[in-house]
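[1] Can you look at this prediction? I've put the sequence above it.
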Amino acid sequence: MRTPLILAGSLTAALIALGAAELALGDNDHDDDHHERGADGRSGWVEPGEDVKPVANALYAEECGACHMAYQPGLLPSDAWQQIMRPPALADHYGDDASLSADRAENIAAYLAANAAEHAGKPRARAFAVGDAGADALPRITATRYFRNEHHEIPSRMVAGNPDVGSFSNCNACHQGAEAGVYNEHRVRIPGVGRWDD
Amino acid sequence: MSKQHFGHRVHLLAACLVAAASWLPAAHAGNAAAGAAAWVEAHPQADGSATRSCASCHGEDLTQPGRHVKTGKHIEPLAPSVRPARLTDAAKVEKWLRRNCNWTLGRACTAAEKADFLAFIARQ
């Protein structure tokens, strides 16, 4: 009877180790990251923190955040930010006029480049540095490979066809922690749909 | 409020309007009624998207918040009666008139048009 007991003990130890591994990976938003959840729908034992560094530049927050969420610099690589911040690109900013005085544009461009995806310490922000950012005239966060992988299962009726969302560019319409840089799926509430469990 | 007081307030407002317009190249005093009409004028878009007016994002009641028609971003009310800081930063006013005239009308606004918008907004 000793062998089964030892086996059971080893199994328990292995399971605990696995649990610890999952805890360590709690930041990674894999499709299968369903850990135990409390009554509030949040994870019962680990609450993943910010995935990208929150915006820490008042000028950027004011100028860019006036029209849309001030996307964290970690959501695009620096060459993409540089393209977006060129004066002719700002004058035709995805169809809108976002022109800025030269000194403001330079200040913001420097902040974005210094904190871009490839310089980020957070794994999720680093993922945005990999691959292309779209073949359009200007790079898009929503065209990065990582973004598309994370959102491909969401039907368009919940986004483009949802008047409270409208576009994938509207991060904070669904990601309740988006402005604080928190993008894990436990904080997702799609307007008119609710939680998103993929 | 007495009639006399009210009269003073109107004069003060008029003085503010002139001051607000004075940094414009043409120093145009602005016509609030013309500004109100221009506010809701729908402009066809070269790229085939829906027509736009100032009200597309800011609404027709400037004391209420607006919503960016493309991004969905919440826009605080433009009316100085609700947000006194509105129209107090000339560089900011010039920047937004430049951007929003380009995006909405597809061209820069003339100094007179800008003054009309400002006269209209200042009374809200």
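    Received the coordinates, thanks. Numbers count the residues shown, from 1 in each chain, chains lettered A, B, ... in the order given.
[2] Can you report how many residues neighbour residue 110?
    You didn't say which chain, so I picked chain A. 13 (other C-beta atoms under 10 Å in any protein chain shown). For the C-beta atoms, the positions are set from N, CA and C on the backbone; glycine is no exception.
[3] Sorry, I should have been clearer: chain B.
    14.
[4] The host helix or strand of residue B:97 and chain A, any residue contact?
    Using DSSP states H and E, the secondary-structure element containing residue B:97 is helix B:90-105. Yes: judged by C-beta under 8 Å from any C-beta of the partner chain, helix B:90-105 and chain A are in contact via B:95, B:98-100, B:102-103.
[5] could those go into TSV alongside distance to residue A:94 and pLDDT?
    What follows is these, written out as TSV (distance: C-beta to C-beta, whole Å; pLDDT from 0 to 100):
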residue	distance to residue A:94	pLDDT
B:95	18	94
B:98	18	95
B:99	13	95
B:100	16	96
B:102	14	94
B:103	11	94
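[6] Which of those are buried, as a ChimeraX select command?
    Applying 16 or more other C-beta atoms under 10 Å in any protein chain shown to the residues of helix B:90-105 next to chain A, the buried members can be selected in ChimeraX as follows:
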select /B:95,98,99,100,102,103
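[7] which of the residues of helix B:90-105 next to chain A sit farthest apart?
    B:95 and B:103 (12.5 Å; C-beta to C-beta).
[8] Would you state the helices of chain B in chain order?
    Taking DSSP state H as the test, the helices found in chain B are B:3-21, B:32-39, B:54-58, B:90-105, B:111-122.
[9] residues making contact with the fourth one?
    Residues outside helix B:90-105 that contact it (C-beta atoms under 8 Å, 6 or more residues apart in numbering or on different chains) are A:91, A:96-101, B:20, B:23, B:43, B:52-54, B:56, B:87, B:107-109, B:113-114, B:117-118.
[10] Would you write out the PyMOL command that picks the buried residues out of these?
    Per 16+ other C-beta under 10 Å, the buried members of the contacts of helix B:90-105 correspond to this PyMOL selection:
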select buried, (chain A and resi 96+97+98+99+100) or (chain B and resi 20+43+52+53+54+56+87+109+113+114+117+118)
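[11] what sits against residue A:173?
    A:164-166, A:190-191, B:72.
[12] Please enumerate the helices of chain A.
    Using DSSP H, helices in chain A cover A:2-24, A:58-65, A:78-85, A:87-91, A:102-114, A:123-127, A:145-151, A:171-174.
[13] Comparing those helices by mean pLDDT, which bottoms out?
    Per-stretch mean pLDDT for these is lowest at helix A:2-24 (a mean of 47).
[14] what about residue A:95, neighbour count?
    Counted with other C-beta under 10 Å, residue A:95 comes out at 11.
[15] now it, nearest residue through space, not along the chain?
    residue B:47 (6.6 Å; C-beta to C-beta, 6 or more residues apart in numbering or on different chains).
[16] try residue A:171
    Nearest residue to residue A:171, sequence neighbours excluded (C-beta to C-beta, 6+ apart): residue A:178, at 4.1 Å.
[17] Surely the one you found is in contact with residue A:169?
    No: using C-beta atoms under 8 Å, residue A:178 makes no contact with residue A:169, being 11.2 Å away.
[18] if you count what's nearby, which of those two comes out ahead?
    The residue with more neighbours, out of residue A:178 and residue A:169, is residue A:178; 21 against 18, by other C-beta under 10 Å.
[19] for the more buried one, what are its contacts?
    Contacts of residue A:178 were listed using C-beta under 8 Å, 6+ apart, and they are A:69, A:171-172.
[20] One more: residue A:148?
    Contacts of residue A:148 by C-beta under 8 Å, 6+ apart are residue A:142.
[21] I'd like to know how far it sits from residue A:93.
    22 Å (C-beta to C-beta, to the nearest Å).
[22] My understanding was that residue A:171 contacts residue A:68; is that so?
    No: taking contacts as C-beta under 8 Å, residue A:171 lies outside contact range of residue A:68: 9.1 Å.
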